[in-house]
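*Asks:* quick one, fold the following:
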Amino acid sequence: MLRRTLLPGVKSALWSRQMSVVARSVKYTQHGEPQDVLELVESELSDPTDKQVLVKILAAPINPADINTIQGKYPVKPKFPAVGGNECVAEVLCVGDQVKDLKAGQHVIPLATGLGTWTTHAVYNEDQLLAVSNKVGVAEAATVTVNPCTAYRMLKDFVKLSPGDTVIQNGANSAVGQAVHQLCRAWGINSIGIVRDRPEIADLKQMLQCLGATEVLTEAEIRTTDIFKSGKLKKPRLAFNCVGGKSATEVSRHLDHSGVLVTYGGMSREPVTVATGPLIFKDIAFRGFWMTRWSKENYSSPERSKMFKEIFDLMEQGKFVAPTHEMVPLENFKDATAAALNFKGFTGKKYILDMSE
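*Replies:* Numbers count the residues shown, from 1 in each chain. Okay, the predicted model is just below:
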């Protein structure tokens with residue numbers, strides 16, 4: 001059984017007894033480099049039944065983890081043929097007769113991971129989706145489940161922070177880094193960002209400070225700064241690392257006694273090296289965080305619902321925006337994935353596949 005609601009602008013022929021919805025999807029049948037294994041494929045979708053929901057994907061980002069999954073380098077191993085992508089925002093077109101809380105016209109995001117979101121249309125189960133206010137921007141909603149949630153959880157789960165405390169992070173212009181700055185501003189926490197030097201460093205610093213960064217320093221400047229020794233800011237009790245190598249070591253040196261460094265990425269592909277002095281004399285701790293694991297372990301938890309509510313409230317209030325991004329038509333997926341692969345720590349831009357038309 002199918003519960004239909006005709007949307008404005010949708011041709012009535014679409015809503016015949018047996019609907020004919022053709023999805024265009026970016027698929028792959030083996031692991032490899034995206035340029036070699038990804039293809040744009042058309043397939044016809046069946047009517048949603050029971051607790052199923054037919055959606056039109058509006059936008060879906062390309063994340064580093066998506067690329068790693070295609071390459072076969074990520075812990076998540078999809079079944080082939082697989083549709084790329086893990087995040088999106090979609091519009092509900094129609095629902096099966098046992099769906100209780102979703103209806104046509106609502107915007108939704110995926111609660112489950114690994115659904116395959118680089119597609120124009122899809123059929124998901126109701127319990128795999130979360131309704132989102134249509135007031136939340138498309139780019140914000142499409143990118144919420146990975147980077148903002150990673151920033152939120154790392155700020156909440158390792159050290160009990162209070163207004164006036166300090167957090168320090170490398171990769172401060174990454175999507176997670178931008179989310180950290182915005183959440184810190186909303187919660188009254190000082191946010192220190194470390195970035196690689198570049199010709200347009202002044203513009204980058206200004207952009208990050210507009211998002212909420214208290215100070216932005218280059219990797220050279222952080223080695224000589226007296227921002228903490230002078231008492232201008234409290235020493236950080238919490239640090240985030242997505243780079244590894246010497247950058248992570250330098251960040252850890254600035255932690256206060258009993259501080260915690262949380263690693264959530266390794267862009268340099270170099271191991272995290274611990275400085276012996278701070279480890280012994282300041283009793284600092286090193287932890288790791290993976291958003292996918294947390295989401296699976298807390299799939300229906302009140303804490304997860306609270307997290308989404310707080311983030312969406314900030315978005316609706318205009319206090320939290322999507323990371324620096326570029327919207328790309330689905331047909332240009334090869335160029336977009338190639339650009340995502342060429343990330344060298346400078347661009348700090350996310351590519352989002354645009355399927356809203």
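*Asks:* please make it C-alpha for all contacts and neighbour counts, starting now.
*Replies:* Fine.
*Asks:* which SSE is immediately downstream of the one helix or strand residue 191 maps to?
*Replies:* Assigned by DSSP states H and E, residue 191 falls within strand 190-195. Downstream of strand 190-195, the next assigned helix or strand under DSSP H and E is helix 201-211.
*Asks:* give me the nearest residue to residue 180, chain neighbours excluded.
*Replies:* Spatial nearest neighbour of residue 180, excluding adjacent residues (Cα to Cα, 6 or more residues apart in numbering): residue 151 at 5.2 Å.
*Asks:* that neighbour contacts residue 179, correct?
*Replies:* Yes. Residue 151 lies in contact with residue 179 (Cα atoms under 8 Å); the separation is 6.0 Å.
*Asks:* more neighbours: which of those two?
*Replies:* Neighbours were counted for residue 151 and for residue 179 using other Cα atoms under 10 Å; residue 179 has more, 26 against 23.
*Asks:* and the more buried one, what is it in contact with?
*Replies:* 147, 148, 151, 320, 323 (Cα atoms under 8 Å, 6 or more residues apart in numbering).
*Asks:* again, only using 10 Å
*Replies:* Residue 179 makes contact with 144, 147-152, 172-173, 185, 211-212, 320-323, according to Cα atoms under 10 Å, 6 or more residues apart in numbering.
*Asks:* for the biggest strand by length in the chain, which strands pair with it and how are they oriented?
*Replies:* Criterion DSSP state E: the longest strand present in the chain is strand 52-62. Note on strand 52-62: by DSSP bridges, its sheet partners are strand 89-96 (antiparallel), strand 121-125 (antiparallel), strand 350-354 (antiparallel).
*Asks:* who does the helix or strand that comes right after it touch, helix- and strand-wise?
*Replies:* Note on strand 52-62: by DSSP H and E, the next helix or strand toward the C-terminus is helix 64-71. Contacts defined by 3 or more Cα pairs under 10 Å, 6 or more residues apart in numbering; DSSP states H and E place helix 64-71 against helix 34-37, helix 333-341.
*Asks:* and residue 231, which of the ones you listed is closest to it?
*Replies:* helix 333-341 (39.8 Å; Cα to Cα).
*Asks:* before we move on, back to that, quick one: which of the contacts of residue 179 sit in helices?
*Replies:* Secondary structure assignment by DSSP state H places 147, 148, 149, 150, 151, 152, 185, 211 of these in helices.
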